[in-house]
Structure formats: structure tokens, C-alpha cells
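>>> below is the structure, and that's it, no one-letter string:
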């Protein structure tokens with residue numbers, strides 16, 4: 001990673017981390033703020049970007065196991081190996097189609113089941129809640145000189161051109177963009193909040209794409225994706241249906257209370273991560289005395305956020321990280337690729 005990375009790369013990286021593989025080479029999602037960039041910062045404006053009309057849902061991933069080829073094929077030498085490869089490829093493609101159809105049907109069911117929670121959140125303004133928490137958390141970073149937090153509502157995730165326009169219209173030397181995503185977890189037993197956070201200066205750089213067209217893109221000083229997983233005290237024991245789960249969230253202001261706690265947690269995480277240094281090597285390896293944590297990661301259906309769960313499920317994408325900080329019963333876990341996530345006790 002090098003200073004001056006253009007904005008054209010980070011959306012792809014932010015989506016790629018949801019499909020982490022245990023490969024030798026790790027693509028970092030986090031782009032840390034360097035000491036020199038920090039010292040050059042002047043007045044900064046923070047903008048919370050909200051593209052959701054209401055709370056989203058996370059449908060479970062469906063199994064994609066293809067099994068092993070029949071022994072009669074695998075014992076046929078080179079030609080048999082080619083046939084086996086073709087069979088496996090065809091099976092994998094068929095399984096992927098079936099899994100996607102399964103996930104599509106699950107998503108429809110989850111969307112329909114979530115409406116009681118959405119009704120309970122009518123009048124709740126997540127942008128206002130997060131902006132107030134950010135103003136408090138970022139106020140402790142004197143070098144950031146954060147003077148104000150705005151909320152901008154958009155139809156979809158910002159393009160590079162929209163980012164440039166936001167920075168230029170801000171009247172400030174730099175802008176901290178916080179693109180927000182919040183949704184129910186796959187079993188509706190958690191609420192997950194994710195933020196794609198980018199610090200941009202006014203400087204732009206022309207970038208020529210493969211198709212031959214050139215655009216001006218902002219230069220990124222910092223980027224990361226952070227998320228929190230919140231749950232309720234006294235959650236019903238045993239397995240419950242989606243409808244029973246929504247009945248719990250919609251009563252007694254439960255959903256609002258957990259969202260409030262999650263936004264406060266997220267704001268503190270952003271302030272913490274802005275000050276954190278670079279990885280010791282090519283990835284964020286766990287220190288020798290750190291507590292290592294297995295994490296299950298789920299991409300949101302629209303690619304805008306991340307749902308995180310520690311529930312063991314062999315069909316889900318796995319990742320690992322280590323506990324970077326513990327406070328008030330919550331653990332902040334740093335993944336190998338740099339993302340920061342929070343899990344632990346229910347929010348008060």
C-alpha cells in the first residue's frame with residue numbers, strides 16, 4: 001500500500017474482504033493514516049452518508065459443497081483427470097446456481113419478515129444518532145480539527161465523482177466520509193452496523209481506466225471498514241422463528257436501544273482506528289500475547305456492508321483476527337486484512 005491511492009480501488013477492496021481466503025498473500029482493506037498525512041491535515045468536515053431508507057436484512061448463505069468425483073473417473077489417468085475437472089466444474093457451477101437461488105428465496109423471506117421492526121423504527125434517524133456520537137468521539141482527536149458532522153442521503157454508494165464534489169463543496173481542506181449500513185443479522189438475533197470510512201483531501205488525480213476514459217478521482221489518506229454486532233439481554237432460549245424474533249425487536253424500544261449502543265460503539269472505533277498505526281508486515285498479524293478469535297463473515301446482499309457473527313456454521317465464509325482492545329464487555333477484533341469489528345456484551 002502506498003500514499004495517494006485513488007478511490008477507484010477501495011470499493012472493490014471493501015467488497016472483496018467479505019470473501020476472505022486463507023491465502024499466503026493478503027489484500028489489505030485498511031489504509032492507515034500516515035504520520036505525515038496527519039500532520040498536514042487542516043480543518044476537517046465529517047459527512048455521514050446514508051443510502052438506506054430503513055433497516056436492512058442479511059440472508060443466510062446456502063451450502064456450496066460439491067462433494068468428490070467418483071473413483072472410476074479419478075482412476076483414469078490424464079484423460080480421466082480432464083474429465084474429472086470438467087465434471088467438477090459443471091457440478092460447481094450447478095451448485096453455485098442452486099445456492100444463489102436458495103439465498104434469493106431466503107432474502108425475500110427475510111425482507112418480508114422484517115417489516116414489524118421497520119415499523120417500530122419509524123421516526124428513528126440513524127444518521128442523526130451516528131453524527132452526534134461521531135462529533136463526541138472525533139472531538140478528542142485535536143489533530144483532526146473536526147468542526148462539524150453532516151448527514152447526506154443518497155440513492156446508492158458514492159462514485160468517485162460524487163466524492164470529489166462533496167470535498168469541493170465542503171469548504172474544508174479534508175472530508176471524512178462515513179458510508180453507513182445497518183441491518184438485522186441472518187437469524188434476526190443480532191443487529192449489525194457497518195461503516196465504510198474514507199478520509200479525503202481536496203487534491204485529485206486524473207485516472208485513466210481500461211476502457212480509455214479518464215476521470216478525476218480523490219486521493220485517499222485513510223480507509224477502512226468497521227462493524228459492530230449488537231444483541232439483546234434476555235434473548236429467548238432455543239431456536240425461534242423470524243416472526244418471533246421481530247416481535248422481540250419491535251417491543252419496548254429494543255431495536256432503537258441496540259442501534260443507539262452500536263452507533264456509539266462504532267463512533268469510538270472510528271476515532272481509535274484513525275489513530276492506530278500501520279501493520280508490522282504485509283498483514284495485521286496477531287501479537288504473541290493477543291487473544292485470537294474465529295470470525296464468520298457475511299457480505300450484505302447489496303455489497304454495502306458486512307454482517308459479522310461468531311456462531312459456528314460450516315457453510316459460512318471464515319476469517320480470523322485478534323482482540324486489539326477490550327472495554328465495557330466489548331472486544332474490538334482486528335482482522336488480518338485490517339478491518340475492525342466489535343462484539344461482546346449487549347449494549348446497556
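Structure's in. What do you need? This one's a predicted model, so the numbers in the text were calculated from it and none came from an experiment.

>>> pairing partners for whichever strand or helix holds residue 46, with directions?
Per DSSP states H and E, residue 46 falls inside strand 44-50. Partner strands and pairing direction for strand 44-50 (DSSP bridges) are strand 146-153 (parallel), strand 174-184 (parallel).

>>> do a quick rundown of the strands in the protein.
Taking DSSP state E as the test, the strands found in the chain are 5-6, 44-50, 56-57, 146-153, 174-184, 191-208, 214-230, 292-299, 306-309, 317-327, 330-335, 340-344.

>>> let me have those in CSV, adding distance to residue 262 and mean neighbour count as columns.
(Glycine included, C-beta is placed from N, CA and C.) Formatted as CSV, the strands of the chain follow (distance: least, C-beta to C-beta, whole Å; neighbours: other C-beta atoms under 10 Å):
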stretch, distance to residue 262, mean neighbour count
strand 5-6, 29, 17
strand 44-50, 14, 23
strand 56-57, 14, 22
strand 146-153, 17, 16
strand 174-184, 7, 24
strand 191-208, 4, 20
strand 214-230, 4, 22
strand 292-299, 16, 17
strand 306-309, 12, 25
strand 317-327, 15, 17
strand 330-335, 10, 23
strand 340-344, 8, 23
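
>>> right, and the ones you listed - which one's nearest residue 36?
Go through the strands of the chain one by one with C-beta to C-beta and the one that ends up closest to residue 36 is strand 214-230, at 9.9 Å.

>>> which helices and strands does the closest one pack with?
Contact analysis of strand 214-230 by 3 or more C-beta pairs under 8 Å, 6 or more residues apart in numbering; DSSP states H and E lists strand 5-6, helix 10-16, helix 160-170, strand 191-208, helix 254-275, strand 306-309, strand 340-344 as its packing neighbours.

>>> low-confidence stretches in the stretch 201-348 of the chain?
Where the stretch 201-348 of the chain drops to pLDDT under 70, the residues are 296-319.

>>> try 50
Across the stretch 201-348 of the chain, the stretches falling below the confidence threshold (pLDDT under 50) are 299-307, 309-315.

>>> shouldn't residue 143 be in contact with residue 41?
Yes. Because the distance of 6.3 Å satisfies C-beta atoms under 8 Å, residue 143 is recorded as touching residue 41.

>>> neighbour count for the two, which is higher?
More crowded of residue 143 and residue 41, by other C-beta atoms under 10 Å: residue 41, with 19 against 12.

>>> of all the helices and strands packed on strand 214-230, which lies closest to residue 233?
Each of these was checked against residue 233 via C-beta to C-beta, and the shortest separation belongs to helix 254-275, namely 9.6 Å.

>>> what domains does the record give for this structure?
With domains defined by automatic domain parsing, the chain comprises 5-11+25-55+117-344, 71-111.
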